[in-house]
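Enquirer: Need a 3D model of the sequence below.
(one chain, ligands or ions: 1)
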Amino acid sequence: MRLEDVSKVYGGGATAVTALHEVSHAFASGSFTAVMGQSGSGKTTLLQCAAGLTRPTSGTVSVAGVDVTGLSEAELAKLRGRRIGFVFQSFNLLPALTARQNIALPLRLARKGAIPDRVAELLVRARIAGLAGRRPHELSGGEQQRVAICRALVAEPDVVFADEPTGNLDSASGRDVMTLLREVVDDLGQTVILVTHDPAVAVHADRVLILSDGRIVDAIDAPTPDAIALGLAVNGRRE
Ligand SMILES: Nc1ncnc2c1ncn2[C@@H]1O[C@H](COP(=O)(O)OP(=O)(O)OP(=O)(O)O)[C@@H](O)[C@H]1O
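Expert: Numbers count the residues shown, from 1 in each chain. Below is the predicted model of the structure:
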């Protein structure tokens, strides 16, 4: 997954906002990246451009070697369905479906086979196998988010994007979610890109990118809480 000179301008004329300024970054396959930076620094915009949810104003985004910026809406939708998984702060599970059915949904939509095996394997990995028959309202927030992560993984995407996946969770549930994401990177070689405000979440990543005013201003490998705090203090503030 690679961004090259990606800029994003919202609106036009006097009210135009440049949310990203010529951002370039290559996300290594099988790596776990956390994107941090203060409110309004462009984190969500970066994620949305990388995931093909928003078109950059200029620059290119490639997923598995394919330049996605030239694709039609229909082709983009297909790419998102096949190659990209999403995890949101608000879980976004379908309330009428059980955990197992929610996880299997992307495979059913893509008419892929071998559904029970893949779903069962993910349920065990996420330590929710005993809860597979429950509906979302019968699960805790942390359990719902682990269902959502399984759903994001089920079609074996090239990249999983997570926007504040622990934002609605207490710290213990947040840790369970991050442990699961770390394991899928280490065990399955999944590429994960996550946005967070929380240094305790970002320490689980291999690399922390710090955004400021729409630019990547720092990259911290093997992040520690101290290194992240320093990076945010030095680079994260607007003057
Ligand atoms: N749809 C939009 N129309 C106009 N401006 C927008 C739009 N979306 C975002 N922006 C602006 O672009 C800039 C970057 O926003 P973005 O949501 O990417 O930041 P963020 O770092 O994710 O912030 P937060 O941490 O508050 O979610 C901000 O100045 C924001 O006001």
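Enquirer: mean confidence score for stretch 118-127?
Expert: The average of the pLDDT scores along stretch 118-127 is 94.
Enquirer: ok, and for it, which residues are buried?
Expert: Buried residues in stretch 118-127, defined by neighbour count with 16 or more other C-beta atoms under 10 Å: 118-119, 122-123, 125-126. Bear in mind the C-beta positions are built from the backbone N, C-alpha and C, glycine included.
Enquirer: Return the residues of the chain in contact with the ligand.
Expert: 10-11, 17, 19, 37, 39-45 (C-beta under 6 Å from any ligand atom).
Enquirer: Give me the buried subset of those.
Expert: 19, 37, 41-45.
Enquirer: ok, and the closest non-adjacent residue to Thr18?
Expert: In space, and not counting its chain neighbours, Thr18 is closest to Val9: 5.1 Å by C-beta to C-beta, 6 or more residues apart in numbering.
Enquirer: Check what contacts the one helix or strand that neighbour maps to and list those residues.
Expert: If you go by DSSP states H and E, Val9 is part of strand 2-10. Applying C-beta atoms under 8 Å, 6 or more residues apart in numbering, the contact partners of strand 2-10 are 16-27, 42, 45-46, 49-50, 54, 56-62, 214.
Enquirer: How much space separates Ala99 from Thr44?
Expert: Counting by C-beta to C-beta, to the nearest Å, the gap from Ala99 to Thr44 is 27 Å.
Enquirer: quick one: stretch 157-168 to chain centroid distance?
Expert: Between the centre of stretch 157-168 and the centre of its chain there are 3 Å (C-alpha atoms, centre = their mean, to the nearest Å).
Enquirer: average pLDDT for it?
Expert: Averaged across stretch 157-168, the pLDDT comes to 95.
Enquirer: buried sites along that stretch?
Expert: For stretch 157-168, burial by neighbour count (16+ other C-beta under 10 Å) applies to 157-168.
Enquirer: Kindly report the same for stretch 126-136.
Expert: Using 16+ other C-beta under 10 Å as the test for burial, stretch 126-136 gives 126, 128, 131-132, 134, 136.
Enquirer: Farthest-apart pair in those, please.
Expert: Spanning the widest gap among these are Ala126 and Pro136, at 14.3 Å by C-beta to C-beta.
Enquirer: Leaving out the residues flanking it, which one is nearest to the residue most central in space within the chain?
Expert: Geometric centre of the chain, nearest residue: Phe161, 1.7 Å, by C-alpha atoms, centre = their mean. Spatial nearest neighbour of Phe161, chain neighbours left out: Ala51 (4.7 Å); criterion: C-beta to C-beta, 6+ apart.
Enquirer: Export only the CA atoms of stretch 181-200, formatted as CSV.
Expert: Presented in CSV, the C-alpha positions along stretch 181-200 are these (Å, rounded to 0.1, in the frame of the first residue of the first chain):
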residue,chain,number,x,y,z
LEU,A,181,-4.9,-6.8,15.8
ARG,A,182,-1.3,-7.4,16.8
GLU,A,183,-1.8,-11.2,16.5
VAL,A,184,-3.3,-10.9,13.0
VAL,A,185,-0.3,-8.9,11.9
ASP,A,186,2.2,-11.4,13.5
ASP,A,187,0.4,-14.6,12.7
LEU,A,188,-1.5,-13.9,9.5
GLY,A,189,0.9,-11.3,8.0
GLN,A,190,-2.0,-8.9,7.7
THR,A,191,-1.3,-5.2,6.9
VAL,A,192,-3.1,-2.9,9.4
ILE,A,193,-3.3,0.9,9.4
LEU,A,194,-5.0,2.4,12.4
VAL,A,195,-5.8,6.0,13.5
THR,A,196,-5.8,6.7,17.2
HIS,A,197,-5.4,9.6,19.7
ASP,A,198,-4.2,7.2,22.4
PRO,A,199,-0.5,6.5,22.9
ALA,A,200,-1.4,3.4,24.8
